[in-house]
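> build me a structure from this.
(chains A, B, C and D)
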There are 4 protein chains.
Amino acid sequence: MLKVVVIGGGSSYTPELVEGFIKRHKYLPVEELWLVDCEAGQSKLEIVGELAKRMVEESGVPMSVHLTLDRTHALGGASFVVTQLRVGLLEARVKDERIPLKYGMYGQETNGAGGMFKALRTVPVILGICKDMEQLCPDAWLINFTNPAGIVTEAVRRYSNIKRVVGLCNVPYDMHTAIARILEKDKEQVRIYVGGLNHMSYVTRVEVDGEDVTGYVLDRWGSHSMNNIENKEWINGFVKELGVLPSPYHRYYYMAKEILEEAMVSEQTRAEKVMALEEELFELYGDVNLRTKPKQLEKRGGAYYSDAACSLICSIYNDTGDIQVVNTANCGVMNEFEYDEVVEISAVITKAGPVPVAVGKLPKSVRGLVNTIKSFEVAVCEAAVSGSYEKALLALMINPLVGSQREAVKVLDEMLEAHGEYLELFSK
Amino acid sequence: MLKVVVIGGGSSYTPELVEGFIKRHKYLPVEELWLVDCEAGQSKLEIVGELAKRMVEESGVPMSVHLTLDRTHALGGASFVVTQLRVGLLEARVKDERIPLKYGMYGQETNGAGGMFKALRTVPVILGICKDMEQLCPDAWLINFTNPAGIVTEAVRRYSNIKRVVGLCNVPYDMHTAIARILEKDKEQVRIYVGGLNHMSYVTRVEVDGEDVTGYVLDRWGSHSMNNIENKEWINGFVKELGVLPSPYHRYYYMAKEILEEAMVSEQTRAEKVMALEEELFELYGDVNLRTKPKQLEKRGGAYYSDAACSLICSIYNDTGDIQVVNTANCGVMNEFEYDEVVEISAVITKAGPVPVAVGKLPKSVRGLVNTIKSFEVAVCEAAVSGSYEKALLALMINPLVGSQREAVKVLDEMLEAHGEYLELFSK
Amino acid sequence: MLKVVVIGGGSSYTPELVEGFIKRHKYLPVEELWLVDCEAGQSKLEIVGELAKRMVEESGVPMSVHLTLDRTHALGGASFVVTQLRVGLLEARVKDERIPLKYGMYGQETNGAGGMFKALRTVPVILGICKDMEQLCPDAWLINFTNPAGIVTEAVRRYSNIKRVVGLCNVPYDMHTAIARILEKDKEQVRIYVGGLNHMSYVTRVEVDGEDVTGYVLDRWGSHSMNNIENKEWINGFVKELGVLPSPYHRYYYMAKEILEEAMVSEQTRAEKVMALEEELFELYGDVNLRTKPKQLEKRGGAYYSDAACSLICSIYNDTGDIQVVNTANCGVMNEFEYDEVVEISAVITKAGPVPVAVGKLPKSVRGLVNTIKSFEVAVCEAAVSGSYEKALLALMINPLVGSQREAVKVLDEMLEAHGEYLELFSK
Amino acid sequence: MLKVVVIGGGSSYTPELVEGFIKRHKYLPVEELWLVDCEAGQSKLEIVGELAKRMVEESGVPMSVHLTLDRTHALGGASFVVTQLRVGLLEARVKDERIPLKYGMYGQETNGAGGMFKALRTVPVILGICKDMEQLCPDAWLINFTNPAGIVTEAVRRYSNIKRVVGLCNVPYDMHTAIARILEKDKEQVRIYVGGLNHMSYVTRVEVDGEDVTGYVLDRWGSHSMNNIENKEWINGFVKELGVLPSPYHRYYYMAKEILEEAMVSEQTRAEKVMALEEELFELYGDVNLRTKPKQLEKRGGAYYSDAACSLICSIYNDTGDIQVVNTANCGVMNEFEYDEVVEISAVITKAGPVPVAVGKLPKSVRGLVNTIKSFEVAVCEAAVSGSYEKALLALMINPLVGSQREAVKVLDEMLEAHGEYLELFSK
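Below is the predicted model:
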């Protein structure tokens, strides 16, 4: 019996996930879909859960949908556990974004101080889920797309006994789409190779019909006009010299000032915008006449995330052997990272998990940055499991988005207090 | 015959160098000391040169001092060539410091945009000197303490046939002094191991009398008080977690904001202060009654630089086998860098040159930063010898002190124009 | 138009190749098949060529077969060039096997002194073919299964401009078959990962239905009985401790003495046996009533070689993305080898060529051996293109099957003379 | 108080050690010298001990000599512990040499099967000494020249808490002497750099007066005559191509056949010759009129071993900072080995221990061999502490001097039985 458990089942993304399972049912015959959430998420869970049931009913596939607030009730016998939770809900994300801005740092849920705090809250919860999985479904695959996905996956590999874990992100999916558009090809005709870290991966090679067209895309990834750069487009001269395609998330680093300025004058943070959007979505979801995924969901930043998850699960289940971009152990493939470190990389998806493929050397000019971020990720993991103030401070000090000892201390102190209820280990 | 040629002989530091040769004359019997400068430096050369002659006369050592504006006149038969030149004089340094500030970057002669431009001006000149050395004194040692010393040494190793080159800096000397003070020991009793890059090296190990006392010094390298950090002291909690001792230059990175704020409100840049100081010094130097190095020289930031150079020359000449910190090829010792890259490292000084010693692994938390800076150095070298706008832009984009594509372009454009006369390769 | 050129087309293996193209014609619509051979191979070429034509006729596929002694006549417009030649024919192989035996070394066409001499004869011929390909079909794929396949592929990558080259061997195919037998599964149900060098690769991992069953196979790869080891079976205790599955070719190293003893008392060398077998085969091939590949061909050691080649060509042509074991550039995947060195490794086969996948770390206990053999391969390549006596001597001295300076010199001298006509570069 | 404890004090080498301490007494004021031996060595200990006392008396230095059979009685307060023991005495060595010969392998006390068995007997005894040191003199230096010195030092670093350990060998000392002779220079004028493993280290660089003269020595290290190679001289063509100077012990590998043949026809093994020599020596030692080290001792293969030990102890004690060749942790200097593995390497000797220096890259052609031997050493260590039959078999199988699975099993079985009384762990 194929059973899938979704932790954070009350998420607004869930309808995409449900749609993904419905449309793949022929190849991926999910019999039971369990949506789990915590008490704070109960009402959302009910709304989304009922929509899910209507969607399944509408589709006619033989899949039952179950809702619960007790994950131990759900996990037994699961083949796949999907984690898409948000500790502290969007309210916590607002703090991740607002507080750093006070200290002149960009606030973001996966990078810099905000990213660190999201990780500190999330890692212990995920490790708790792993503990339960060890007992209840030790052979299940943990498919994580809770952010920061790279750090969370690294933490699971370091501090739990669950080895069947894959982290997922929709950025490589989006880059693939963008590259296909530049090449004026269908996505299926374009093969990309991706290497690096979550929210810090580069496209190292692009091929069409067996030809290496990387140079062509490098030439068109940004703008040719130097006058035009205010708008946060990449300059082609830079991208070409870099030699690999940066992702949108690289702007946080190479255009830190531009991004920060914009955030400083923005009235709403991303979380606040999302809150509004979510309200709209849940209103829609509550409509008993809605029996399919509403179009509006595609406006959410994480669109295609859930579809990527379904696609990954389907490939594992069927031992497909296609190449997808995932967060998994490096296995020595990228010489820039340690053998066992979690990287974001193109990998063959098999029933035994992802097998990374040769994506080529990262250019010398990006090795330092990716190493810095990896060491940040590792320091954050260590802080999350130990509750060490000094580890957390070190993590901030080595993060390129901080750049100030004085402000590092201040932001650390304020955020430890603001998120105190979710950071038990640090209260000691 | 032992002949030493000093290029940039009109420097205000020269009296320290002359004193160094005088006091070591028994072990390092320099017969001819040639001071070379360019036309723009002629009057300084004459003032310093006359002082040098008086100092030698006063000391009674059998060493002749020669002045010339034509280095090809001086180089023949030299055993050591010391380079301490400043292309564009202090006027250019003022621009290196002032212009970046306009774009919200700290201006500095060895780091960030300023450091890059100092390198772009200097590397071609040094490579020209190497060409002359190949003809006139192919076996001589090139002792460089022209900044940025790491980049210059890297460029010589990459783009000239001079293999006998050592770069020097006084920062490790100063750190050694500071550590001895913390330990309340004489410097001779304290052994330190240093690894990293020029202006980016860390003390990895401290020993007294065979005992590893690194932990003791880590505990005392910064301040215990969190309230006290406004003044740019390190926080002990950070230093200890880092596990190695940062140098004063690391403040440019870990306290970028603090440093920048201070520079923003400062009326004078460092170069402007130095100009005033130099004026004073040259007034002193011109006094025919002055026959020894004046105390005031020790106030210059580069104090002990020249003494370090004399000490290095003396150890090479005598095959001493003592350990000094120099800029030289890594030779595989620091696994963080390529085999042949120039690093700043503790090395045994022999007649055949420096032999790096095992300084230990750098902590994971600093590997990314030093790799970033090394890739910046290499990109700068490539830009300097090619005149490529894109390489120069790449170098800025990967430098942690820039952090903005928009400002990178602006500062690059303005500085290329401001320093145009010294950047022939870029004018094409 | 899809055109395939086979150099060494008169080989006894050609019927397998022809059969391979016929049965895959739907997916791999070869229009022209050119069989090329040298003058010494003319009569064989004619016999095999006529059989090929009859086989194609019998099958009814629209593929034309062409015979020529002039490869420049054939190469223009080719998509795939298959090399399966034997410089000096089997007569030379007899010498490769006989002469080393005189000096107490096992004689073999891919290992030790014999392997080196086969490489010295073959590499210049293959590089000549590459030169012609550069002119006549620069985008064609070179599929080499001329032995020693690893060295030949390495030489092409080092010393030619042909980058589209893949080396092939049937050993991994045979190991896959053997492993499936142990597991009592169909081959399709068993996934293996292979890493190392040609004729020196290990199976690092075996999976069935997503489960790692490597331990199970390690336990059954050899014999449990210590009394039974005379017969060249592996001892399970050894294989298990080794941790990876050795190939049959590893016997040459781990059972060098046993293999040598057997060869010493054997009346015929392998080449002599093959000569007899070939005579039989060609008699069969000449029968105008024969219109399919005869069963007897499967007795030749290289059986399934040609089928592996067809399968590889088919996957490249169709961009299949399946995993095959090939000789290709490491691309950093196996940390035991340099980034660009040719290894034998599991790789995803795409239209742009093979992309190696993570096969895991080789155990410490085999790293030394594979490194030794790689350095032997590189030294042989260098000797082959330079004609340096000293390089050839070095290659022998570092080869584990030699073990004697005195005999290395003797075997080198005798073989240089015996193969003189094919070793022009050495005659200088 | 400076106290030195010699374990295996009854060794025939002890007089050299005593002479070494006497002549260095001014710089190395040993007050107490304790000679420790086991019961089986009691009579030797008494003879040597009495000679030691007479030698000290004759010299007039204030050093007391103590004899004991109980090392716990001696170790308290020691600064240096010298281990020069031989488990099973020369009788066991005879077996190490004789038994392998029966199976067509050279028998040797540091290489191949014999070397492995000497290690299996010795490692547990040395680890027992380490345990006692931890209790009685945790800060003392362990200076080991018990063979196989590389494996023993590796085992101490892996399996004990004693970190202050250095292994010593006289081979680099002898190579230095031979090189000076070739250069017709005094040894003091010649600087050599050594890298590799114990009994497998190469001279990578030779300098005279700051000039690299490695090429000159490479040209003269062997014989120019190819006719002359029967006598086990190196051929210059090989040495030059190798690019580093092999040690005499490399003959066991590159001339395995020659060495084996010679041993096969020799009537006495090395151990048997040494037994005769030792008998002579002890007769001399027993003469109460002998009050200095007798000349005859210099004929023993290990001559200068003890002097090297005294020299090392003197440099540690005085923090001399001179370069000596020792067995110590690699500390990342040789990229061929793991960071922490024990290597034989040129190192600066300080009070805190040896600090390896950059000795350059080993040529590709020797990396495989040294890695093979290192993996053998590690497997032997693992076998020694676990008593695992399979580990011991693996060690033999990967050793280049074995080359036969069949004989590996036989020699292992026979030697396990022959040395049973010293291999307690294996008897289970």
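> pLDDT on the longest helix that chain A contains, on average?
With secondary structure taken from DSSP state H, chain A has its longest helix at helix A:112-136. Helix A:112-136 shows a mean pLDDT of 98.
> buried sites along it?
A:112-127, A:129-130, A:132-133, A:136 (16 or more other Cβ atoms under 10 Å in any protein chain shown). Bear in mind the C-beta positions are built from the backbone N, C-alpha and C, glycine included.
> next, give phi and psi for A:Thr269.
Dihedral pair for A:Thr269: phi -80, psi 170, per degrees, to the nearest 10.
> that one: what's it in contact with?
Taking Cβ atoms under 8 Å, 6 or more residues apart in numbering or on different chains, we find A:Thr269 in contact with A:Val94, A:Glu97, A:Arg98, A:Leu101, A:Gly107, A:Ala263.
> same thing with A:Leu101?
Counted by Cβ under 8 Å, 6+ apart, A:Leu101 has contacts A:Gly107, A:Ala263, A:Met264, A:Thr269.
> of those residues, closest to C:Lys295?
C:Lys295 has its nearest neighbour among the contacts of A:Leu101 in A:Gly107, at 73.4 Å by Cβ to Cβ.
> for the stretch 301-428 of chain A, what lies in contact range of chain C?
Residues of the stretch 301-428 of chain A that fall close to chain C, judged by Cβ under 8 Å from any Cβ of the partner chain: A:316, A:319, A:321-323, A:331-335, A:339, A:348, A:350-353, A:355-358, A:360-361.
> what about chain D: which of these touch it?
Within those, nothing lies near chain D by Cβ under 8 Å from any Cβ.
> mind checking the end-to-end distance for stretch A:99-106?
With Cα to Cα, to the nearest Å as the measure, stretch A:99-106 spans 9 Å from end to end.
> what residues sit buried inside that stretch?
A:Ile99, A:Pro100, A:Leu101, A:Tyr103, A:Met105, A:Tyr106.
> min pLDDT across the contacts of A:Thr269, which one?
A:Gly107 (84).
> would you agree it is in contact with A:Ala113?
Yes - in terms of Cβ atoms under 8 Å, A:Gly107 counts as a neighbour of A:Ala113; the distance is 7.0 Å.
> joint contacts of the two?
A:Asp96, A:Ile99, A:Pro100.
> who's in contact with the second one?
By Cβ under 8 Å, 6+ apart, the contact list for A:Ile99 reads A:Gly107, A:Ala113, A:Gly114, A:Val411, A:Glu414, A:Met415, A:Ala418.
> stretch A:211-222 and chain B, any residue contact?
No - legend: contact between stretch A:211-222 and chain B by Cβ under 8 Å from any Cβ is lacking; minimum distance shown is 9.3 Å.
> how far does stretch A:405-419 sit from the chain's center?
From the chain centre to the centre of stretch A:405-419 is a distance of 25 Å (Cα atoms, centre = their mean, to the nearest Å).
> hmm, it touching chain B?
Yes - interface with chain B: stretch A:405-419 contributes A:Gln405, A:Arg406, A:Glu407, A:Val409 (Cβ under 8 Å from any Cβ).
> narrow those to those in helices?
Using DSSP H, these in helices are A:Gln405, A:Arg406, A:Glu407, A:Val409.
> count of residues packed around the third one?
A:Glu407 is flanked by 20 other residues according to other Cβ atoms under 10 Å in any protein chain shown.
> for the first one, same thing?
By other Cβ under 10 Å, the residues close to A:Gln405 number 25.
> list phi and psi for the closest residue to it other than its chain neighbours.
By the measure of Cβ to Cβ, 6 or more residues apart in numbering or on different chains, the closest residue to A:Gln405 outside its immediate chain neighbours is B:Met255, 4.9 Å from it. Phi and psi for B:Met255, reported as degrees, to the nearest 10, are phi -130, psi 40.
> and the pLDDT for B:Met255?
B:Met255 is given a pLDDT of 95.
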